[in-house]
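A.B. asks: Mind folding the following:
(one chain, ligands or ions: 1)
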Amino acid sequence: MAKVVVNQAKCVKEPEPLCVNLCPVSVFQVKKNTKALVVHEERCIMCRTCQVNCPGQAIEIIG
Ligand code: SF4
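C.D. replies: Numbers count the residues shown, from 1 in each chain. Predicted structure coming up:
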């Protein structure tokens, strides 16, 4: 299974993290109340779209 490592300090959260819309299998969600980035790692198909496109270089896919 893939490991999705997100460096929260580097995450560009505004207006919304890019990965939320880019990921084809909805690995990433933003909690409405806290704006925390929730990662459903078990869904990842390792396409690396998020890693390549993250403006903060905050994501590393390992697997
Ligand atoms: S590698 Fe692809 S499937 Fe996995 S979290 Fe990133 S965008 Fe989603």
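A.B. asks: can you tell me how far the closest residue to residue 39 other than its chain neighbours sits from the ligand?
C.D. replies: Distances taken as CB to CB, 6 or more residues apart in numbering put residue 4 closest to residue 39, at 5.3 Å, once the chain neighbours are dropped. Quick note: C-beta positions are derived from backbone N, CA and C, even for glycine. According to CB to the nearest ligand atom, to the nearest Å, residue 4 and the ligand sit 5 Å apart.
A.B. asks: was I right about residue 4 contacting residue 27?
C.D. replies: Yes - at 6.3 Å, residue 4 counts as touching residue 27 under the criterion of CB atoms under 8 Å.
A.B. asks: which neighbours do the two share?
C.D. replies: 39, 41, 44, 50 (CB atoms under 8 Å, 6 or more residues apart in numbering).
A.B. asks: residues touching the last one, list them.
C.D. replies: Neighbour list for residue 50: 4, 18, 19, 22, 23, 27, 28, 59, 61 [criterion: CB under 8 Å, 6+ apart].
A.B. asks: Secondary structure class of it, three-state.
C.D. replies: For residue 50, the assignment made with DSSP: H, G, I helix; E, B strand; the rest coil gives helix.
A.B. asks: what's the neighbour count on residue 51?
C.D. replies: Residues contacting residue 51 under the criterion other CB atoms under 10 Å number 17.
A.B. asks: Contact residues of this structure facing the ligand?
C.D. replies: Proximity of the chain to the ligand (CB under 6 Å from any ligand atom) is limited to residues 4, 22-25, 27, 44-50, 61.
A.B. asks: Now, those that are in strands?
C.D. replies: The strands, defined by DSSP state E, take in 4, 61 from these.
A.B. asks: Buried subset of the residues of the chain next to the ligand as a ChimeraX selection?
C.D. replies: The ChimeraX command for the buried members of the residues of the chain next to the ligand (criterion: 16 or more other CB atoms under 10 Å) is given here:
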select :4,23,27,44,49,50,61
